[in-house]
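Colleague: This is a predicted model, with the sequence first.
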Amino acid sequence: MKSYSRSILIFMMILPWLTLPFIKKREFKKFLPSAIFMSVFTKLLNIAAYKRNWWYFYTSIHPKVKGETAFIIGPYFIASFWVLKLAYGKLKKYMVLNAILHVLFAFPGIAFLKWAGIGRLGRINNVQLIGILLVRAVLLYGFQVITDAYRKRKNVFRKYF
């Protein structure tokens, strides 16, 4: 672990939250369930990944908190809002945007994490990581579609009750 890796991890966790004021309150409420779902799913995925040695985190924000938690409550959580805000309702645009972000994370992003002493890939390679991230993207979009359908249905029932 490098002396500055913990500081970089904390910075990476806090920086995305500074963009939250640019998301409208209505959009925040609309996409919050999906962002929470994706955070919980990612945490469960990370538990499985640790058992299978898919990736390793050397640095943590606190000794009792695993390193990937900073990514879950930082970039992953906020990125869920931004990607849905920018491309929800346009599946092709959504998938292209996600593919670009995932390629950027899998190649220069992972290289940076390794250089900074934060973590590295284990038994999977960068292309397999992109596949995992794209599956997560499809789940995020699908969960948002289901959430929207539920809200519309709920509003229809309110008229009658």
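Modeller: Yep, it's here.
Colleague: Which secondary structure elements does the biggest helix by length in the chain sit against?
Modeller: In the chain, taking DSSP state H as the definition, the longest helix is helix 126-160. Judged by 3 or more Cβ pairs under 8 Å, 6 or more residues apart in numbering; DSSP states H and E, helix 126-160 is in contact with helix 25-51, helix 77-87, helix 91-104. Any C-beta I mention is one placed from the backbone N, CA and C, and that applies to glycine too.
Colleague: repeat that with 7 Å
Modeller: Contacts defined by 3 or more Cβ pairs under 7 Å, 6 or more residues apart in numbering; DSSP states H and E place helix 126-160 against helix 25-51, helix 91-104.
Colleague: Which residues belonging to it are considered buried?
Modeller: 126, 129-130, 132-133, 136-137, 139-141, 143-144, 147 (16 or more other Cβ atoms under 10 Å).
Colleague: What of stretch 46-55?
Modeller: Residues N46, A49, W54, W55 are the ones in stretch 46-55 that count as buried (16+ other Cβ under 10 Å).
Colleague: Excluding residues flanking it in the chain, which one is nearest the residue positioned nearest the centre of the chain?
Modeller: The C-alpha lying nearest the average C-alpha coordinate of the chain belongs to Y76 (Cα atoms, centre = their mean; 2.4 Å). Counting by Cβ to Cβ, 6 or more residues apart in numbering, Y76 lies nearest to T42, which is 5.6 Å off, once chain neighbours are set aside.
Colleague: looking at it, L86 is touching L97, isn't it?
Modeller: Yes - using Cβ atoms under 7 Å, L86 is in contact with L97, at 6.5 Å.
Colleague: more neighbours, these two?
Modeller: L97 (16 against 11; other Cβ atoms under 10 Å).
Colleague: From R151, how far off is that one?
Modeller: To R151, L97 is 24 Å away according to Cβ to Cβ, to the nearest Å.
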